[in-house]
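Chemist: Give me a 3D structure for the following:
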Amino acid sequence: MDHNISLITTIAAGFGVALILGFIAERVKVPALVGYLVAGILIGPATPGFVADVHIASQLSEIGVMLLMFGVGLHFSLKDLLAVKRIAVPGAVVQMGLATALGMALAWWWGWGLGGGLIFGLSLSCASTVVLLKALEARGVLDSMNGRIAVGWLVVEDLATVLVLVLLPPLAGVLGGSTGLGADARPLWITIGQTLLQVSAFIALMLIVGRRLLPWMLWQVARTGSRELFTLAVIATAIGIAYGASALFSVSFALGAFFAGTVMRESEYSHRAAQESLPLRDAFSVLFFVSVGMLFDPTILIEQPLRVLGVIAIIILGKSLAAAALVIVFRYPLNTALTVAASLAQIGEFSFILAGLGLSLGLLPAEGMSLVLAGALISIALNPFLFAAIEPLRRWVLKHSEMARRLEQRQDPYAELPMSTERKYLEGQVVLVGYGRVGRRIAKALDARGIPYVVAEQNRELVETMRHEGLVAVSGNAADAAVLIQAHIADAAMLVVATPDTLDARQMADTARKLNPDIEVVLRTHSEDETLLLRSEGIGMVFYGEEELAKGMTSHILERFAPPAAAAPGHA
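Modeler: Numbering: from 1, shown residues only. Next up, the predicted model:
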């Protein structure tokens, strides 16, 4: 019997080739995403040999987009964004504007239309959240201040891109596309107004009904105790809401899935939902990147090398320099500026979604899609090397640039304690580095005992808030000796490092001991290996999260089942 198995062959080829090339990419210290894109190129129509079904691959990629955006929504934290809003919001908006302008200028030079140039510039302006998170996790700085700023910056870019995805279809006719306003005679403001009303109605429905219905539904499913039903509920919700948003409100699949994730985050089962859906999200994300690779024409690297170089220059140089300059203008140190610059020196999933939409609307030429893909492949492959170069580059710049040294040492009212600070905070105090979840709990306990402390925190806005609340705090990276000096480490009784960065913690401890040989040092770690290493070095009292949790639980259990006290002598 003859069977049509193009779906099976496409999935089998996509997963199989992606597995091999993703494994090779990871072994050579390149993100696996590069391997997935190359896999798509190999099974695509632009290369000889086996050619997968492009139509089926595009439909699979739509599911990948839904689940990717659902995952972004699940991890979207308004609280984390608000913590760095003063730098992330204006920084991301200005940086995206500059990168888009550079892309449009390049497209105008090549003779493209307004719509094509706009889509091209926007595609180059937004970095990949997936690539960034993996890069920060690999270096153990995801929870650091630099990591939070970089992630907040990209969250703003993601939100701006979602807005573009909403507004682009009704504007396509005006921008020279084959659909949009050109399809009917209605005025532009009516088309845009109708689109925004539909989006607003969908968002209102999700916030009013979805916030109550989805958590209740997950709770009911969780009560059954069936793991597969719970996973099915999560995936059905993501894809069902995405499809319903498109069918009922003319909202894109991407936006529908994103809001499904943000609403589900409100549930107490959000962490489990993220964990249970992760394998399927990862699988279809791979197919999404493979299908994107199938659209790439590798001959563009040979036929248009100067155009490819121009794209790479915008992504790696233009975006990075603009971001670094903006961070320095906001009075953050050079290390933060270089970290944000490296974070933005690549493009990824949102760029593909934007370019694909532009292609379908007749705005972006096929060559533009290939240039975006070439820029993504090369920039993602180079990104690990840019992160590795941050510290050497920082030392080199400070050594050879007088201006850089002046900017690094400039006066900041929050980088030093006020002259009116009470003496109890300057002698025999605790210097608490970091005011996150762990730092806040330690500070609360110190307050309850009346123990004076000074907080050293990188988040300048947080320090400003703490000062208004009457807390004693200084702004800056405590790995810098100047910050510890401002916290009067020389006369302190104890240094408590509540941040997770082990490399910085070691440097803080060494600096503190040089300035105050008798100081007691207390550190936290995230891994057993780091704990054993630091303890063997005698760096101070080291606390490992899982170990301390086990001790606390064990203590409670033993206390609960402790044998009764022996009867006193002389009593029956």
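
Chemist: Which residue, other than its chain neighbours, is closest to Ala283?
Modeler: Phe15 (7.6 Å; Cβ to Cβ, 6 or more residues apart in numbering). Quick note: C-beta positions are derived from backbone N, CA and C, even for glycine.

Chemist: in what helix or strand does the one you found lie?
Modeler: Assigned by DSSP states H and E, Phe15 belongs to helix 6-27.

Chemist: and the residue nearest to Ala283, how many neighbours?
Modeler: When neighbours are counted by other Cβ atoms under 10 Å, Phe15 registers 16.

Chemist: got it, and Val327?
Modeler: Neighbours of Val327 (other Cβ under 10 Å): 26.

Chemist: Tell me how far it lies from Leu306.
Modeler: 31 Å (Cβ to Cβ, to the nearest Å).

Chemist: residue contacts, the closest residue to Val89 other than its chain neighbours?
Modeler: Excluding its sequence neighbours, the residue lying closest to Val89 (Cβ to Cβ, 6+ apart) is Val156, at 5.5 Å. Val156 sits next to 81, 88-89, 91-93 when contact means Cβ atoms under 8 Å, 6 or more residues apart in numbering.

Chemist: and those as TSV, adding distance to Gly368, secondary structure and pLDDT?
Modeler: As requested, the contacts of Val156 are exported to TSV (distance: Cβ to Cβ, whole Å; DSSP: H, G, I helix; E, B strand; the rest coil; pLDDT from 0 to 100):
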residue	distance to Gly368	secondary structure	pLDDT
Leu81	31	helix	70
Ala88	29	helix	85
Val89	29	helix	87
Gly91	27	helix	89
Ala92	23	helix	89
Val93	24	helix	90
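
Chemist: Out of those residues, which end up buried?
Modeler: Listed as buried from those are 81, 88-89, 91-92; burial here means 16 or more other Cβ atoms under 10 Å.

Chemist: Tell me which two in the residues you listed are the farthest apart.
Modeler: Longest distance between any two of the buried ones among the contacts of Val156 is 12.3 Å, between Leu81 and Gly91; criterion Cβ to Cβ.

Chemist: Could you list the low-pLDDT ranges of the stretch 251-400 of the chain?
Modeler: 251-252 (pLDDT under 70).

Chemist: how much space is there between Leu68 and Phe253?
Modeler: 10 Å.

Chemist: Which stretches in the stretch 451-572 of the chain count as helices?
Modeler: 460-468, 481-486, 502-515, 528-536, 545-560 (DSSP state H, counting those that start in this stretch).

Chemist: Please identify the buried residues of the shortest one?
Modeler: The reference is to helix 481-486. Of the residues in helix 481-486, those buried (16+ other Cβ under 10 Å) are 481-484, 486.

Chemist: Just send those back as CSV, with pLDDT and distance to Leu462 too.
Modeler: Shown next, in CSV, are these (pLDDT from 0 to 100; distance: Cβ to Cβ, whole Å):
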residue, pLDDT, distance to Leu462
Ala481, 83, 22
Ala482, 82, 19
Val483, 86, 14
Leu484, 88, 18
Gln486, 87, 16
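
Chemist: for the residues you listed, which one is nearest Thr129?
Modeler: Val483 (30.1 Å).

Chemist: Touching, that closest one and Val463? I think so.
Modeler: No. With contact defined as Cβ atoms under 8 Å, Val483 does not reach Val463; the gap is 11.0 Å.

Chemist: Are there residues contacting both of these two? Which ones?
Modeler: In contact with both Val483 and Val463: Val474, using Cβ under 8 Å, 6+ apart.

Chemist: now Asp501, nearest residue through space, not along the chain?
Modeler: Nearest to Asp501 is Ser144, by Cβ to Cβ, 6+ apart, at 5.2 Å.

Chemist: so how many other residues sit close to the one you found?
Modeler: Ser144: 22 neighbours (other Cβ under 10 Å).

Chemist: so who does it touch?
Modeler: 458, 499-501, 504.

Chemist: re the thing from before, how far away from the center of its chain is the helix holding Phe15?
Modeler: 26 Å (Cα atoms, centre = their mean, to the nearest Å).

Chemist: which SS state does Tyr332 fall under?
Modeler: Look at Tyr332: counting by DSSP: H, G, I helix; E, B strand; the rest coil, its state is coil.

Chemist: so how far is Glu461 from it?
Modeler: 11 Å.

Chemist: higher neighbour count, these two?
Modeler: Between Tyr332 and Glu461, counted using other Cβ under 10 Å, Tyr332 has the larger neighbour count: 26 against 17.

Chemist: still on that earlier bit, in the contacts of Ser144, find the pair that's most separated.
Modeler: Gln458 and Pro500 (12.7 Å).

Chemist: neighbour count winner among those two?
Modeler: Set Gln458 next to Pro500 and count neighbours by other Cβ under 10 Å: Gln458 wins out with 26 against 22.
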